[in-house]
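A.B. asks: Provided below for reference: sequence and predicted model.
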Amino acid sequence: MSVILGLPKGSLQEATFAMMKKAGFNIQAASRSYVPHVDDPELQCRLIRPQEISRYVELGLLDAGITGYDWIYENGSDVQEVAEMCYSKATSRPVRWVLAVPNDSPFQSVKDLEGKRIATEAVGLTKRYLAQFGVNAEVEFSWGATEVKAPELVDAIVELTETGSSLRANNLRIIDTILTSTTRLIANKKAWEDPVKRAKIEQLSMLLQGALAAESRVLLKLNVPAAGLDAITAILPALHAPTVNKLKDADWFAVEAVVEEKIVRDIVPPLRAAGATGIIELPLNKVIF
């Protein structure tokens, strides 16, 4: 029995394919194909716009899917959330739906938009946000290039941003954050109740989360003199504790540990000063906790 998995087509596609590869699933897709090949007979993939994935998962047309929480919220989809996966097209930070206006606009808060026009791709999300503040505004669906519509066509926009660079480039400023969103692995509730499909989806979740955990970590390997072993292992952080093995020379040990990549530059000099030698830094594909 195969699990049919919806993968996001568009801006998240490249990052998702790379993550799937690290998790152990090689996916190949022709430029115009919506049915990519995956080297796992228990898995079928479909390339679908992330805006639609949660709806198809809810309907059971897909057993599982990878999409943003924002689109699950926008569609009001009743699905099983399996895992949160913090990755996006450019960074590992969450993305935000924000209310933005031109830099020279007099509007300072959502309440200033009473009776005004707002363009967005997330119409439902925006209407629910306005309702929270009792604001009546005209919300129109935007087919794209939303940033360029203010101020000539609309008074404000609600747009997805990751770094804010596109908004700044179009002379827009953020006046509120409406929703913070991360990527989620979701499942159809009937598929989740099926023991075979659930086992496959849980396997996929474990491997994907392992691939994401490895993104920020590396393996450090080093040789350590016996006299400096305690000092060096005290410097060296690890998931649990460093692995220590004796070398053929009884006065030396081989030490290795999985560490956060961002701290390597800070700990290598004191490791070297404490007597460590042959220090090697290796990338990782997966870290399974």
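C.D. replies: Everything's here; your move. Residues are numbered from 1 along each chain as shown.

A.B. asks: The lengthiest helix in the chain: which residues count as buried?
C.D. replies: Longest helix in the chain, counting residues (DSSP state H): helix 195-215. For helix 195-215, a neighbour-count test (16 or more other CB atoms under 10 Å) marks 197-198, 200-201, 203-205, 207-215 as buried. The C-beta positions use only the backbone N, C-alpha and C, and glycine is treated the same way.

A.B. asks: So for R46, what's the nearest residue that isn't a sequence neighbour?
C.D. replies: Excluding the flanking residues, the one nearest R46 by CB to CB, 6 or more residues apart in numbering is G6, at 5.3 Å.

A.B. asks: In its sheet, which strands sit next to the host helix or strand of the one you found, and in what direction?
C.D. replies: Assigning secondary structure by DSSP states H and E places G6 in strand 3-8. Paired with strand 3-8 in the same sheet, following DSSP bridges, are strand 43-48 (parallel), strand 64-68 (parallel).

A.B. asks: Highest mean neighbour count out of those strands?
C.D. replies: Highest mean neighbour count among those (mean count of other CB atoms under 10 Å): strand 64-68, with a mean of 27.

A.B. asks: How about the contacts made by the residue sitting nearest the centre point of the chain?
C.D. replies: By CA atoms, centre = their mean, the chain has its centre lying nearest to Y87, at 1.7 Å. Neighbouring residues of Y87 by CB atoms under 8 Å, 6 or more residues apart in numbering: 15, 19, 183, 212, 215.

A.B. asks: Tell me which stretches of the stretch 101-250 of the chain form helices.
C.D. replies: For the stretch 101-250 of the chain, the helices defined by DSSP state H, counting those that start in this stretch occupy 123-132, 165-169, 189-193, 195-215, 229-235.

A.B. asks: Below-threshold pLDDT in the stretch 1-150 of the chain: ranges please.
C.D. replies: Filtered on pLDDT under 70, the stretch 1-150 of the chain yields the residue ranges 88-92.

A.B. asks: and the two most separated of the contacts of Y87?
C.D. replies: Pairwise distances among the contacts of Y87 were taken by CB to CB; the largest, 13.0 Å, belongs to T183 and E215.

A.B. asks: so where do the strands sit in the stretch 151-289 of the chain?
C.D. replies: Counting by DSSP state E, counting those that start in this stretch, the stretch 151-289 of the chain has strands at residues 156-161, 172-181, 183-187, 217-225, 243-246, 252-260, 277-283.

A.B. asks: give me the beta-bridge partners of the residue nearest to R46?
C.D. replies: R46, G65.

A.B. asks: That one and G115: what is the separation?
C.D. replies: Distance, G6 to G115, using CB to CB, to the nearest Å: 39 Å.

A.B. asks: Comparing the two, which residue is more hemmed in?
C.D. replies: G6 (25 against 9; other CB atoms under 10 Å).

A.B. asks: quick one: contacts for that one?
C.D. replies: Applying CB under 8 Å, 6+ apart, the residues contacting G6 are 45-46, 48, 53, 56-57, 62, 64-67.

A.B. asks: can we see that at 6 Å?
C.D. replies: Shown in contact with G6 (CB atoms under 6 Å, 6 or more residues apart in numbering): 46, 48, 53, 62, 65.
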